[in-house]
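[1] Output the structure for:
(one chain, ligands or ions: 1)
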Amino acid sequence: MTPAQFSSAWQTVAAARTRLAGCRMTDLFAADPQRAARLTLDVAGLHVDLSKHLLDDAALAALLALAEAAELPRWRTALFAGEPINNSEGRPALHTALRDASPEPILVNGQDIKPGVAAMRRQIADLADAVRSGRRVGASGQRFTRVVNLGIGGSYWGPALALEALHELATPDIRIDFVSNVDPAPLKRLLAQCEPERTLFLVSSKSFGTTETLYNYQAARAFMTGQLAEGVDRHFVAVTASPDKARALGFAHDAIVTFPEWVGGRYSLWSAIGLPAAIGLGAQCFAQLLEGAAAMDRHFLSAPPAHNLPLLLGLLDVWYASFWGFGSRALLPYDQGLRLLPTYVQQLAMESDGKGVDRDGQPLDYPTCPVIWGGNGNDGEHTFYQLLHQGPATIPAEFLVCTRPDVELPGHRQRLVAQCLAQAEALLTGFDAPDKPHARCPGNRPSTMFLLPGMTPQLLGALLACHEHRTFTSGVLWRVNPFDQFGVELGKRLAGTLERELGGQGVPGAAHDASTAALLDSARGRLGD
Ligand SMILES: O=P(O)(O)OC[C@H]1O[C@H](O)[C@H](O)[C@@H](O)[C@@H]1O
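    Purely as a prediction, here's the structure:
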């Protein structure tokens, strides 16, 4: 791509946006009876309707041309081949290799990484089987009935989401809990409830340097030491890409499960970070989750652009954020088990594409990642949908609902599906009330609809991989590096300084703005009480 080619393709998309300024989606449907069918895709078990978007064929063609001009095919090949596309950190982003069952080698620094991946998968399966079967027990010989994952961000959301989404498949014999943040209350509450002899802690941290996780580890370790006469080590397993740091904290070699540095934290569910899910759901189920993701990988690699689900979703994300100026996107699963999906995608998309400079550090002059937000769609109807329907801003919505047989509680699922479809229809068609302006819904608000035939490990894997690849696609079009997250570091550094100052230590060179200095003083007094 030359900058001129990219800029010319960008201008073509901008012209399409201008042309569509007053377009009504209902007119697009009226002009093309095949629109719904043409813009609905079936991929890896996901049935996805993309027809309710502010997009005609010419605009779609312009977006596809922009993807070509941004060299999306070349970047996609580089992603899967393990090229160091995370240029600011000089490493590949090879989450796809974690679920690739093909025999072809993938070389990183001249070494095939596949045998290492296979070994890690065996280790995950062995540990999960050992805990589930009672082959691995606590210091007093008792089976583990509770596993506590201490981890945050990417070392939390993925396994927590998988366990909630697939709760029907989870063993009732082992309770899996997560403690993520450094707020003392959740860990204290959990420690008060757990039976120490039957509790296994997973200390999950790619870097093994994340303060929240290390604080929680130290507290859990101190608690267990006070409770058990001996054998505390048997109750802790480190999951990390930095085994040296785990060893430095006293973890023995066989108490550490490692995964490679080239797995990004927010892409790490498929690695040993998935252990809580593998223990709760079983190794076979975990393997099926990876199979589903691999099916989406193959689709993303090989489907023609106009029929490529993650690619089209990524284009729509760029279309709305950069060309229409829509500042947020709502994820609305009508499924209690997918309660955490918006948060998971928040980290995935906003840490990946929430950037203001391009890969080379040059400032960007267009908006990139919108705010991702959302929650359970049915609860949302009674909480924030008012703003979706009548607020002044357009917020592209993404609905998801499972259309499995209505047998759990007769009528409930039918009603749930009806409500989900109704909301997308209402956003599209709106409601005219000439004499009652406060009742008028403008409509013409875009949405995507995902129908899933149920919730299985394969479908969940495909869904999450779809979000990964759409995020990658939009990142390539925005020309950002989706695999670093330097923006999260500044706050951590400042917190280190403030923590010492709150503890009464002087920190040479520390200077604060007047507001922070005053707050520090107030808080210091109160913390000391
Ligand atoms: O797994 P860890 O190294 O403990 O990192 C946990 C999380 O913290 C960081 O600050 C990053 O923003 C996340 O991308 C990461 O997932």
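
[2] What residue in the stretch 1-150 of the chain comes nearest to the ligand?
    L150 (9.6 Å; C-beta to the nearest ligand atom). Quick note: C-beta positions are derived from backbone N, CA and C, even for glycine.

[3] give me the beta-bridge partners of that residue?
    For L150, the beta-bridge partners are V179, V203 (DSSP bridges).

[4] residues in contact with it?
    For L150, the contact set (C-beta atoms under 8 Å, 6 or more residues apart in numbering) comprises 179-180, 201-204, 213, 216-217, 220.

[5] any idea how far it is from T199?
    12 Å (C-beta to C-beta, to the nearest Å).

[6] try S268
    Distance from S268 to T199, by C-beta to C-beta: 24 Å.

[7] Domain ranges for this protein, per the record?
    3-69+303-478, 108-286, 486-527 (automatic domain parsing).

[8] TSV please, covering those and showing mean pLDDT.
    Listed next are these as TSV, based on pLDDT from 0 to 100:
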stretch	mean pLDDT
domain 3-69+303-478	97
domain 108-286	98
domain 486-527	92
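
[9] Out of those, the one nearest L98 is which?
    Closest of the domains of the chain to L98 is domain 108-286, at 3.9 Å (criterion: C-beta to C-beta).

[10] Quick one: closest of the domains of the chain to R91.
    Closest to R91 of these is domain 108-286 (C-beta to C-beta; 5.2 Å).

[11] Give me the nearest residue to L64, chain neighbours excluded.
    In this structure, L64 finds its nearest non-sequential neighbour in P305, 5.2 Å apart by C-beta to C-beta, 6 or more residues apart in numbering.

[12] Repeat that for Q142.
    Distances taken as C-beta to C-beta, 6+ apart put E197 closest to Q142, at 4.8 Å, once the chain neighbours are dropped.

[13] is it fair to say the one you found lies in a helix?
    Yes. Looking at E197 with DSSP: H, G, I helix; E, B strand; the rest coil, it is inside a helix.

[14] list the contacts for it?
    Residues counted as contacts of E197 (C-beta under 8 Å, 6+ apart) are 138-140, 142, 228.

[15] need the contact list for L161.
    By C-beta under 8 Å, 6+ apart, L161 lies in contact with 269, 338, 340-341, 343-344, 464.

[16] So is the host helix or strand of it next to the ligand?
    Element membership of L161, judged by DSSP states H and E, is helix 157-165. No. Residues of helix 157-165 contacting the ligand under C-beta under 6 Å from any ligand atom: none, with a closest distance of 8.3 Å.

[17] Name only those of the contacts of E197 that count as buried.
    Neighbour counting with 16 or more other C-beta atoms under 10 Å marks 138-139, 228 as buried within those.

[18] any chance of those in TSV, with secondary structure too?
    Shown next, in TSV, are the buried ones among the contacts of E197 (three-state DSSP):
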residue	secondary structure
G138	coil
A139	coil
L228	coil
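
[19] which among the residues you listed gets closest to Y320?
    Using C-beta to C-beta, the buried ones among the contacts of E197 come closest to Y320 at G138, 51.6 Å.

[20] State the distance from the closest one to Q227.
    11 Å.

[21] Same question for stretch 34-44: list its buried residues.
    By neighbour count with 16+ other C-beta under 10 Å, stretch 34-44 contains the buried residues 35, 39, 41, 43-44.

[22] So what touches that stretch?
    By C-beta under 8 Å, 6+ apart, stretch 34-44 touches 28-29, 32, 47-51, 53, 292, 295-296, 299, 303, 307, 309, 312, 458-459, 462, 466.

[23] At which residues are the strands of this protein located?
    Under the criterion DSSP state E, strands of the chain are mapped to 40-43, 46-49, 107-108, 111-112, 146-150, 175-179, 199-204, 236-240, 256-258, 328-334, 371-374, 397-402, 447-452.

[24] Neighbouring strands - and their directions - for the longest one?
    Spelled out, it's strand 328-334. Counting by DSSP bridges, strand 328-334 is paired with strand 371-374 (parallel), strand 397-402 (parallel).

[25] Same check on the first one?
    Strand 40-43 pairs in its sheet with strand 46-49 (antiparallel), by DSSP bridges.

[26] and the residue of the stretch 351-500 of the chain nearest the ligand?
    V488 (4.0 Å).

[27] Please verify my assumption that that residue contacts E351.
    Yes. Using C-beta atoms under 8 Å, V488 is in contact with E351, at 7.3 Å.

[28] The two - which one has more neighbours?
    Taking neighbours as other C-beta atoms under 10 Å, V488 and E351 compare with E351 leading, 22 against 10.

[29] since we're on the residue nearest to that one when sequence neighbours are not counted, how many residues are nearby?
    Nearest non-adjacent residue to E351, counting by C-beta to C-beta, 6+ apart: Q485, 4.6 Å away. Neighbours of Q485 under the rule other C-beta under 10 Å: 21.

[30] Show me which pair in the buried residues of stretch 34-44 is furthest apart.
    The span of the buried residues of stretch 34-44, defined through C-beta to C-beta, is set by R35 and A44 at 23.4 Å.

[31] quick one: contacts for the residue of the stretch 351-500 of the chain closest to the ligand?
    E351.
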